[in-house]
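Asks: 3D model of this:
(one chain, ligands or ions: 2)
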Amino acid sequence: MTNQYLADPLFQEALPVLLEIEAHGHEAYFVGGSVRDTLLGLPIHDIDIASSARPEEIQCIFRRTIDLGMEHGTIIVLMGDKDYEITTFRTEEGYTDGRRPDKVHFIRDLEEDTLRRDFTINSLAFNRQGKLFDYHHGKEDLDAQLIRAVGEPSDRFGEDSLRMIRAVRFASQLNFDIEADTLKAIQELKANIQQVSIERTREELTKTLVGDYFYEKGDLLVESGLWEYLPELSTKDSSAALKELRENLQWGSATRFTRSESFLWTLMVRALDLKESTAQRQLLRRWKHSNRTLQEVQDYSQLMDLYLEDGLTLWDVYRFEEHLIQNVDCWAHQKELTLTFDYEELSKALPIRDRSELKLDGRKIMELLSMTKGSSLVGEILEKAEYQVVIGELTNSREALDDFVMNYS
Ligand code: ATP
Ligand code: MG
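Replies: Ligands and ions are numbered 1, 2, ... in the order given. From the prediction side, this is the model:
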């Protein structure tokens, strides 16, 4: 029998994993985000499992497993079409670099395992009957809406600096405050955030930005002192930049624009007053964004300028990717910008959507001009014809385009 906590189908599907581990004489619990979010009445998305079984024991119990790094004690178990991360109870020690433990020791006791977890609300566990194990008053902190470090905050942040930005991330996701001593410890140790790899920091910062309560709690990025130690962000008055960012990222139910990384980082670079693409690229590269994100940020930023200044033309609607415009359009409507154009109408009015629809190609141009070898002229004519068709100055018909080529000078 399970109680109402485990009613979610994700838990129900995962129960056989716990049962199987127990049948082999070990303990296993649901831990982490799924427990926290269930107690908060929020939907859950992934299931983490902690167990007294050693990684090699987990591998013997289940037929399909993936080794995520045996020495750290995490094995993925594949069951049906789902996969579950199973982490062996452990203690960690060392952290000479403030990033990862020098050593982990496998242990057999859940309570001891919870001591290495970052926050009280993340140290909760359910057994397979849905009984709650709460060794650090996590339930009280959930009720009081507090992010509190497990144990001595400065020790915990000293071990792993990433936890500092995770505190802000959970505050932004849950509308929680950071408990006073925990916040004080971050303010003291803030500079250590620079030791963390940029990829891990970025992941947590991005989750902070998309947190449902970023508007309410985003100030914690500055209040904690972390903002000024995040690369490239302290180029202008941080409070002003953050204020602008918060105002742009109010994730109410009416928000229809994307929470994609490139859109968020567009708002970030703009909040920092980086309008030039070289300056934007420098920041984005420092944060190790992909080339695709770099390109999308540049496009988004140009589109926002057009929305704020000159308005969109048919040519703009043609040359930018549709989903990028749609997102900027939603953003502009949410900001209640006064617009002199209607994107939907422009989009409907487009004579062609893609060069392949143009009734002209390079071969035809060469034939009409009796050219035997291609040259840059062919590309030039094609581009001009495409432009004129898109803006409606030339009809997309064979005759009109042949005429255009023949009279091109
Ligand atoms: P999410 O809903 O984003 O998955 P989560 O709490 O499950 O939130 P994860 O990053 O999936 O977060 O981590 C799972 C659990 O592992 C956490 O709840 C926490 O107990 C522990 N944990 C993760 N990262 C750390 C860390 N850096 N230091 C200490 N404990 C951590
Ligand atoms: Mg998780």
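Asks: from the stretch 251-400 of the chain, which residue is nearest to ligand 2?
Replies: Using CB to the ion, the point where the stretch 251-400 of the chain gets nearest to ligand 2 is Arg259, with a distance of 17.9 Å. For glycine as for every other residue, the C-beta is placed from the backbone atoms N, C-alpha and C.
Asks: which residues of this structure lie near ligand 2?
Replies: 32-33 (CB under 5 Å from the ion).
Asks: ok, 8 Å please
Replies: Contact residues, the chain versus ligand 2 (CB under 8 Å from the ion): 32-34, 45-48.
Asks: just the buried members of these?
Replies: The neighbour-count test (16 or more other CB atoms under 10 Å) marks 32-34, 47-48 as buried among those.
Asks: tell me the one of these nearest ligand 2?
Replies: Minimum distance to ligand 2 across these is 3.8 Å, recorded for Gly33 (CB to the ion).
Asks: the closest one: what's it in contact with?
Replies: With CB atoms under 8 Å, 6 or more residues apart in numbering as the criterion, the residues that contact Gly33 are 44-46, 48, 122.
Asks: what ranges does the stretch 51-200 of the chain have for its strands?
Replies: Remark: strands of the stretch 51-200 of the chain, listed N- to C-terminal, are 65-67, 74-79, 82-88, 90-93, 103-106, 125-126, 132-133, 146-147, 177-178; assignment by DSSP state E, counting those that start in this stretch.
Asks: what separates the closest residue to Tyr95 other than its chain neighbours from ligand 2, distance-wise?
Replies: For Tyr95, the nearest residue in space outside its immediate sequence neighbours is Glu159; the separation is 4.1 Å by CB to CB, 6 or more residues apart in numbering. Going from Glu159 to ligand 2 by CB to the ion, to the nearest Å gives 19 Å.
Asks: next one: Asn127
Replies: Separation of Asn127 from ligand 2 (CB to the ion) stands at 18 Å.
Asks: picking that back up, the residue of the stretch 251-400 of the chain closest to ligand 2 - that's part of a strand, no?
Replies: No - assigned with DSSP: H, G, I helix; E, B strand; the rest coil, Arg259 falls outside any strand and is coil.
Asks: quick check: it touching Val210?
Replies: Yes - using CB atoms under 8 Å as the test, Arg259 is close enough to Val210 to be in contact (4.5 Å).
Asks: more neighbours: which of the two?
Replies: The neighbour comparison of Arg259 against Val210 (other CB atoms under 10 Å) goes to Val210, with 18 against 13.
Asks: could you dump the residues of the chain next to ligand 2 into CSV and include secondary structure, distance to Lys184 and pLDDT?
Replies: Shown next, in CSV, are the residues of the chain next to ligand 2 (DSSP: H, G, I helix; E, B strand; the rest coil; distance: CB to CB, whole Å; pLDDT from 0 to 100):
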residue, secondary structure, distance to Lys184, pLDDT
Gly32, coil, 26, 95
Gly33, helix, 26, 96
Ser34, helix, 30, 97
His45, coil, 32, 92
Asp46, coil, 32, 91
Ile47, coil, 34, 94
Asp48, strand, 29, 95
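Asks: report the entries of those that also contact ligand 1.
Replies: Among the residues of the chain next to ligand 2, the residues lying close to ligand 1 (CB under 6 Å from any ligand atom) are 32-33, 46, 48.
Asks: and these, which two are furthest apart?
Replies: Considering CB to CB, no two members of these lie farther apart than Gly32 and Asp46, which are separated by 8.7 Å.
Asks: pretty sure Trp361 is touching Gly379, no?
Replies: Actually, residue 361 is Asp rather than Trp. No - taking contacts as CB under 8 Å, Asp361 lies outside contact range of Gly379: 11.2 Å.
Asks: near ligand 1, which residues of the protein are found?
Replies: Counting by CB under 6 Å from any ligand atom, the residues of the chain that sit close to ligand 1 are 32-33, 46, 48, 117-118, 122, 160, 162-163.
Asks: contacts only, for Phe62.
Replies: For Phe62, the contacting residues are 17, 20, 77-79, by CB under 8 Å, 6+ apart.
Asks: mind running it again at 10 Å?
Replies: Under the criterion of CB atoms under 10 Å, 6 or more residues apart in numbering, the neighbours of Phe62 are 17, 20-21, 24, 75-79, 84, 86.
Asks: show the buried residues in those.
Replies: Those of the contacts of Phe62 that meet the buried threshold are 17, 20-21, 75, 77, 84, 86, by 16+ other CB under 10 Å.
Asks: domain ranges for the protein?
Replies: 1-139, 145-230, 255-350, 355-406 (automatic domain parsing).
Asks: tell me the most buried of the ones you listed?
Replies: By mean neighbour count, with neighbours taken as mean count of other CB atoms under 10 Å, domain 145-230 ranks first of the domains of the chain at a mean of 20.
Asks: and stretch 200-216, how far apart are its ends?
Replies: End-to-end distance of stretch 200-216: 24 Å, with CA to CA, to the nearest Å as the criterion.
Asks: just curious, which of the residues of the chain next to ligand 1 is nearest to ligand 2?
Replies: The closest of those to ligand 2 turns out to be Gly33 (CB to the ion; 3.8 Å).
Asks: before we move on, back to that, find the residues that touch each one of Gly32 and Asp46.
Replies: Taking CB under 10 Å, 6+ apart as the contact rule, Gly32 and Asp46 both touch Glu85.
Asks: in the stretch 201-350 of the chain, which residue sits closest to ligand 2?
Replies: Residue of the stretch 201-350 of the chain nearest ligand 2, by CB to the ion: Lys207 (11.1 Å).
Asks: could you say which helix or strand holds that residue?
Replies: Lys207 is part of helix 198-209 when elements are defined by DSSP states H and E.
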